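**Q** What follows is a predicted structure for the sequence shown.
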Amino acid sequence: LAKTTQPISMDSYEGQEVNITCSHNNIATNDYITWYQQFPSQGPRFIIQGYKTKVTNEVASLFIPADRKSSTLSLPRVSLSDTAVYYCLVGVRNTGFQKLVFGTGTRLLVSP
Amino acid sequence: DAGVIQSPRHEVTEMGQEVTLRCKPISGHDYLFWYRQTMMRGLELLIYFNNNVPIDDSGMPEDRFSAKMPNASFSTLKIQPSEPRDSAVYFCASSPTGWATDTQYFGPGTRLTVL
């Protein structure tokens, strides 16, 4: 089963824009791409979801190219409270059936 | 709504003992998921239910693991016998409709330590 990969970690400063990319080569045709945020000792929390092109909500944007084999979560003007681990979640097709796979996770550290 | 409720929050047991983790999904949600999170393997889907019926249990690591959902408001994940490598945080999540990539609401997790 192909992995859904992300950079292990990223560092940023308050007020900067952060872009986190997830690679998902075997994404299923009809599945959405969803991103979650996780703080220590908590369960993941929904951030944003999309199928193609660009989606924006009050906290983030999600960019998805036409081939949908990757996606980029964009966090505008990060603050210290955005320090967390970020995961993508996709449905992956493998030998005729679909599996739900979380990405490897990206640990974002925002500094003053 | 109180969100997804899991119990216990922490469990410490000895190798060979039976462990039962419990989950109460958000009322009205049709899907329930069990995940395991470790440093080495990240977040892994173990099993999910739709309307109380198990749909995909291919992520269950071995026969020592079993999950049930006797009704729409309760599910259990059982490990028997437990082993040290089962130590992890186990999350339950529920989703209102649709496929699994619909928004999932996670519980706080159960941290399991098997000595």
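**A** That came in fine, so what should we check first?
**Q** Low-confidence stretches in chain B?
**A** Applying pLDDT under 70 to chain B picks out residues B:1, B:98-101.
**Q** which residue does it bring closest to chain A?
**A** Chain A sits closest to B:Phe106 of chain B, with a gap of 2.9 Å, by C-beta to the nearest C-beta. Placement of C-beta: from N, CA and C, glycine included.
**Q** quick one: that residue and A:Gly43 touch, right?
**A** Yes - applying C-beta atoms under 8 Å, one finds B:Phe106 in contact with A:Gly43, separated by 2.9 Å.
**Q** can you pull the contacts of the residue of chain B closest to chain A?
**A** Contact analysis of B:Phe106 by C-beta atoms under 8 Å, 6 or more residues apart in numbering or on different chains lists A:Gly43, A:Pro44, A:Arg45, B:Val4, B:Tyr35, B:Phe91, B:Cys92, B:Ala93.
**Q** Would you mind stating the distance between the third one and chain B?
**A** Distance, A:Arg45 to chain B, by C-beta to the nearest C-beta, to the nearest Å: 7 Å.
**Q** quick one: the closest residue to that residue other than its chain neighbours from B:Pro108, how far?
**A** In space, A:Arg45 comes closest to A:Gln37 once its chain neighbours are excluded; the distance is 5.2 Å by C-beta to C-beta, 6 or more residues apart in numbering or on different chains. The gap separating A:Gln37 from B:Pro108 is 15 Å, by C-beta to C-beta, to the nearest Å.
**Q** Return the distance of stretch A:20-38 from the chain's centre.
**A** How far stretch A:20-38 lies from its chain's middle: 7 Å, per C-alpha atoms, centre = their mean, to the nearest Å.
**Q** the strands in chain B, which residues?
**A** Taking DSSP state E to define them, one finds strands in chain B at B:5-7, B:10-13, B:19-24, B:31-38, B:42-50, B:53-56, B:65-71, B:74-79, B:88-95, B:105-106, B:110-114.
**Q** now do chain A
**A** Using DSSP E, strands in chain A cover A:9-13, A:18-23, A:33-38, A:45-50, A:53-56, A:61-64, A:70-75, A:84-94, A:97-102, A:106-111.
**Q** mind saving the C-alpha coords of the fourth one as CSV?
**A** Once side chains and other backbone atoms are set aside, the C-alpha atoms of strand A:45-50 remain, and they are given as CSV (Å, rounded to 0.1, in the frame of the first residue of the first chain):
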residue,chain,number,x,y,z
ARG,A,45,-9.4,17.9,14.9
PHE,A,46,-10.8,18.7,11.4
ILE,A,47,-9.4,21.7,9.6
ILE,A,48,-10.4,21.6,6.0
GLN,A,49,-11.6,19.3,3.2
GLY,A,50,-11.6,19.5,-0.6
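**Q** Pull the residues that contact that strand.
**A** By C-beta under 8 Å, 6+ apart, the residues outside strand A:45-50 that reach it are A:32-39, A:55, A:57, A:59-62, A:64, A:71, A:73, A:86, B:101-106.
**Q** right, so the strands of chain A: which one is the most enclosed?
**A** strand A:33-38 (a mean of 23; mean count of other C-beta atoms under 10 Å in any protein chain shown).
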